[in-house]
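can't give you the sequence, but here's the structure:
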């Protein structure tokens, strides 16, 4: 499975569009770009392998592997990047501001189920992160069961 995340950078957060096979899956929020600073910045653009991960804090979630200069970068629920994220990515149903969204937990569960299905079939799952400014294309909506 190949996911793509097209970002738009702002001073107070980073907003993204997450696609699966060219179809909109959800939106994302992250911290603003601050030169890949640990716990204060979103991660660099690039292609990352995804894996299952468990922690007491988040339960089962998703980890991005081999992020240069960073460790334990996750995809997990959050609705406000500045208050709830330390470099991770949060899926949201709608964007409500710079680095802000809503209904993250519901969207995260749908995203996690989709990714885990591929991983259970032993298919590798990757996410490619880039800038929305580099891609001016329309995406078709993807409807997920809430």
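Alright, I've got the coordinates. If you're wondering where the values come from, they're calculated on a predicted model, not measured in any experiment. Numbers count the residues shown, from 1 in each chain.

only C-alpha atoms for contact and neighbour calcs from this point on.
Fine.

what about the most centrally placed residue in the chain, distance to residue 42?
For the chain, the residue nearest the mean C-alpha position is residue 89 (4.0 Å; Cα atoms, centre = their mean). According to Cα to Cα, to the nearest Å, residue 89 stands 8 Å off from residue 42.

what residues are up against the residue nearest to the centre of the chain?
28, 29, 30, 42, 73, 74, 75, 76 (Cα atoms under 8 Å, 6 or more residues apart in numbering).

same deal with residue 102?
By Cα under 8 Å, 6+ apart, residue 102 lies in contact with 79, 92, 93, 94, 95, 96.

any idea which of those residues has the most stuff around it?
Neighbour counts for the contacts of residue 102, by other Cα atoms under 10 Å, peak at residue 92, which reaches 30 neighbours.

ok, for it, nearest residue in space, not its chain neighbours?
Nearest residue to residue 92 in three dimensions, chain neighbours excluded: residue 104, at 4.3 Å (Cα to Cα, 6 or more residues apart in numbering).

list the helices and strands the longest helix seen in the chain packs on?
Longest helix in the chain by number of residues (criterion: DSSP state H): helix 104-120. With contacts defined as 3 or more Cα pairs under 8 Å, 6 or more residues apart in numbering; DSSP states H and E, the packing partners of helix 104-120 are strand 90-92.

And for the strand it packs on, what's in contact with it?
Taking Cα under 8 Å, 6+ apart as the rule, strand 90-92 contacts 26-30, 75-79, 81, 101-105, 107-108.

which of those are buried?
Neighbour-count burial (16 or more other Cα atoms under 10 Å) is assigned, among these, to 26-30, 75-79, 81, 101-102, 104-105, 107-108.

Can you flag which of those belong to helices?
81, 104, 105, 107, 108.

From residue 93, how far out is the second one?
This points to residue 104. As for residue 104, its distance to residue 93 is 6 Å (criterion: Cα to Cα).

my read: residue 29 touches residue 101, true?
Yes - between residue 29 and residue 101 there is a contact under Cα atoms under 8 Å: 6.9 Å.

any shared contact partners between the two?
Jointly contacting residue 29 and residue 101 under the rule Cα under 8 Å, 6+ apart are 79, 80, 92, 95.

Looking at those residues, which is nearest residue 12?
Distance to residue 12 across these (Cα to Cα) is lowest for residue 80, with 10.2 Å.
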